[in-house]
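In: I'll drop the sequence and a predicted model, then ask my questions.
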Amino acid sequence: MRTRTAHLDDSAQIADLAAQLGYPVAAGEMRSRLNAALDDHDHLVLVGESHDGQIIAWLHATVSRPLVDEPTCQIAGLVVDERSRRTGLGRALMQQAEAWAVHRGLNSVSLRSSVVRHGAHAFYERLGYARIKTQHAYCKRLAP
């Protein structure tokens with residue numbers, strides 16, 4: 001397995017993996033989103049490939065600049081194919097994101113994980129991440 005920066009042609013496989021975690025998105029829409037992220041230096045999108053070149057993992061990191069806190073690296077998404085978990089690929093992607101954050105002069109990496117993803121919680125804690133709070137997430141859909 002190897003990791004690399006995502007390419008626009010990876011969008012369909014990235015969309016397939018997103019659906020595994022309950023975030024279905026059409027390949028064309030993912031292509032548009034990925035294109036925007038790849039064009040923005042405040043975004044990092046990495047993929048993990050199997051030995052035969054299939055995308056089996058991806059990570060999306062962004063720079064977050066809130067007014068109430070210092071800038072941080074926010075992990076916006078991490079997906080490892082369910083058949084490829086516990087292989088070290090997720091750890092490798094996280095380590096690359098952390099190195100990217102350090103290179104950008106950021107002092108921390110943060111992320112959110114659904115309360116039902118107990119395996120993910122244990123994974124992040126093994127990597128040295130600490131739960132800092134529990135909160136509710138709200139969303140309001142706006143008409144197009």
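Out: Thanks, I have the structure now.

In: Do a quick rundown of the strands in this structure.
Out: Listed from the start of the chain, the chain has strands (DSSP state E) covering 2-5, 43-49, 55-64, 72-80, 109-111.

In: Adding mean neighbour count and mean pLDDT, write the ones you listed out as a markdown table.
Out: All C-beta spots, glycine's among them, are computed from the backbone N, C-alpha and C. Shown next, in a markdown table, are the strands of the chain (neighbours: other Cβ atoms under 10 Å; pLDDT from 0 to 100):
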| stretch | mean neighbour count | mean pLDDT |
| --- | --- | --- |
| strand 2-5 | 12 | 95 |
| strand 43-49 | 21 | 97 |
| strand 55-64 | 22 | 96 |
| strand 72-80 | 20 | 94 |
| strand 109-111 | 16 | 91 |
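
In: need the longest helix for this protein.
Out: helix 89-103 (DSSP state H).

In: buried ones in that helix?
Out: Residues 89-90, 92-94, 96-98, 100-101 are the ones in helix 89-103 that count as buried (16 or more other Cβ atoms under 10 Å).

In: again with stretch 106-122
Out: So stretch 106-122, judged by 16+ other Cβ under 10 Å, has buried residues 106, 109, 111, 113, 120.

In: Quickly list what the residue lying closest to residue 4 once chain neighbours are set aside is bridged to.
Out: Leaving aside its sequence neighbours, residue 4 sits nearest to residue 47 (Cβ to Cβ, 6 or more residues apart in numbering; 6.2 Å). With DSSP bridges as the criterion, residue 47 is bridged to residue 4, residue 58.
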